[in-house]
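Student: Starting from these lines, generate the structure:
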Amino acid sequence: QVQLVESGGGLVQAGGSLRLSCAASGRTSNSYTMGWFRQAPGKEREFVAAISWSGGNTHYVDFLKGRFTISRINAKNTVYLQMNSLKPEDTAVYYCAARPGTLGIAVRQFDYEYWGQGTQVTVSS
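Tutor: I've put the predicted structure just below:
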């Protein structure tokens, strides 16, 4: 089992930045591919970004490229999502997720085995 806890969400004005963190505990000795998803009110959960176990491979949803950056520090069992130039439409609950690293990067939520409880990001106009 792996437990994931997100932090770093909050209220920010449009154009501002936030850095989300996702701390993993439990069976962290295994390698995991990590992903970030988000869910806005009344909308389905959507893929944001993912990173391989080594950090060498990343993948982003097209419309967020250039504004969001995913990274990880395995020694700290932590994955980050740096969000810049935030827009009101980025308002959502952001979730991190994990899947076995041998399976590679995935963009569907159903491909991830472990989930955090989410952290709220609110961007005011």
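
Student: For the protein, give me the ranges with low pLDDT.
Tutor: For the chain, the stretches flagged by pLDDT under 70 are 29.

Student: Swap in 80 and give it another go.
Tutor: By pLDDT under 80, the weakly predicted segments of the chain are 28-30.

Student: all helices of it, in order?
Tutor: For the chain, no helices are identified by DSSP state H.

Student: For it, just list every one of the strands.
Tutor: Residue ranges of the strands in the chain, as given by DSSP state E, are 2-7, 10-13, 18-26, 32-39, 46-51, 58-60, 68-73, 78-83, 92-100, 114-115, 119-124.

Student: Most tightly packed of those?
Tutor: By mean neighbour count, with neighbours taken as mean count of other C-beta atoms under 10 Å, strand 32-39 ranks first of these at a mean of 24. The way it works is simple: take the backbone N, C-alpha and C, and place the C-beta from them, glycine included.

Student: contact partners of it?
Tutor: Judged by C-beta atoms under 8 Å, 6 or more residues apart in numbering, the contacts made with strand 32-39 from elsewhere in the structure are 2, 20, 22, 24, 45-53, 70, 72, 79, 81, 90, 92-101, 103-107, 109, 112, 114, 118, 121.

Student: can we see that at 7 Å?
Tutor: The list of residues contacting strand 32-39 from outside it, by C-beta atoms under 7 Å, 6 or more residues apart in numbering, reads 2, 22, 45-53, 70, 72, 79, 81, 92-101, 103-105, 109, 112.

Student: can you give me the angle that strand makes with strand 2-7?
Tutor: Counting by axes from the mean of the first three to the mean of the last three C-alpha atoms, to 10 degrees, strand 32-39 lies at 50 degrees to strand 2-7.

Student: which neighbours does strand 32-39 have in its sheet, and in what orientation?
Tutor: Strand partners for strand 32-39, identified by DSSP bridges, are recorded as strand 46-51 (antiparallel), strand 92-100 (antiparallel).

Student: Show the contacting residues for the closest residue in space to Leu18 that isn't next to it in sequence.
Tutor: Spatial nearest neighbour of Leu18, chain neighbours left out: Met83 (5.0 Å); criterion: C-beta to C-beta, 6 or more residues apart in numbering. Shown here is Met83, whose contacts under the criterion C-beta under 7 Å, 6+ apart are 17-18, 20, 67-68, 90.
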